[in-house]
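Chemist: Have a look at this prediction, sequence included:
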Amino acid sequence: MIERISVRELRDHLGRCVEAARTDGLHTIVHKYGEVHAVLVPYTWWAEHRPGQDTLAP
């Protein structure tokens, strides 16, 4: 499941977005002025898609 949200909305709803990522597996695309700036994904998804990485550092 994917949601799109503006940076401004994310500031107001960060807790809800993080909880939705954790419990529902929601991926949230964060945009500002129509341009994608970031993606919030569940930690388990992120960890699985980082082959060969032993730490949390990018």
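Modeler: Looks like it came in fine.
Chemist: Please tell me the pLDDT value assigned to the residue positioned nearest the centre of the chain.
Modeler: Centroid check for the chain by CA atoms, centre = their mean gives L40 as the closest residue, at 0.6 Å. Here, the pLDDT recorded for L40 equals 96.
Chemist: ok, it - contacts?
Modeler: Contacts for L40 (CB atoms under 8 Å, 6 or more residues apart in numbering) come out as L10, C17, V18, A21, H27, T28, V30. Quick note: C-beta positions are derived from backbone N, CA and C, even for glycine.
Chemist: Other residues contacting the helix or strand of the chain with the lowest mean pLDDT?
Modeler: Across the helices and strands of the chain, mean confidence by mean pLDDT, DSSP states H and E is lowest for helix 43-48: a mean of 89. Helix 43-48 is touched from outside by A21, R22, G25, H27, with contacts defined as CB under 8 Å, 6+ apart.
Chemist: how close does the first one get to V36?
Modeler: Yep, that's A21 we're talking about. Relative to V36, A21 is positioned 17 Å away (CB to CB, to the nearest Å).
Chemist: pLDDT weak spots in the chain?
Modeler: The chain contains residues with pLDDT under 70 at 51-58.
Chemist: Would you map the strands across it?
Modeler: Assigned by DSSP state E, the chain shows strands spanning 2-6, 27-32, 35-40.
Chemist: Make a markdown table out of those and add distance to H49.
Modeler: What follows is those, written out as a markdown table (distance: least, CB to CB, whole Å):
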| stretch | distance to H49 |
| --- | --- |
| strand 2-6 | 15 |
| strand 27-32 | 11 |
| strand 35-40 | 11 |
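Chemist: Give me whichever of those is most buried.
Modeler: With neighbours taken as mean count of other CB atoms under 10 Å, these reach their highest mean count in strand 27-32, at a mean of 16.
Chemist: so what strands line up beside that strand?
Modeler: Strand 27-32 has the following strand partners under DSSP bridges: strand 2-6 (parallel), strand 35-40 (antiparallel).
Chemist: which residues are contacting that strand?
Modeler: Defining contact as CB under 8 Å, 6+ apart, one finds that strand 27-32 is touched by 1-7, 10, 17, 20-21, 36-42, 45.
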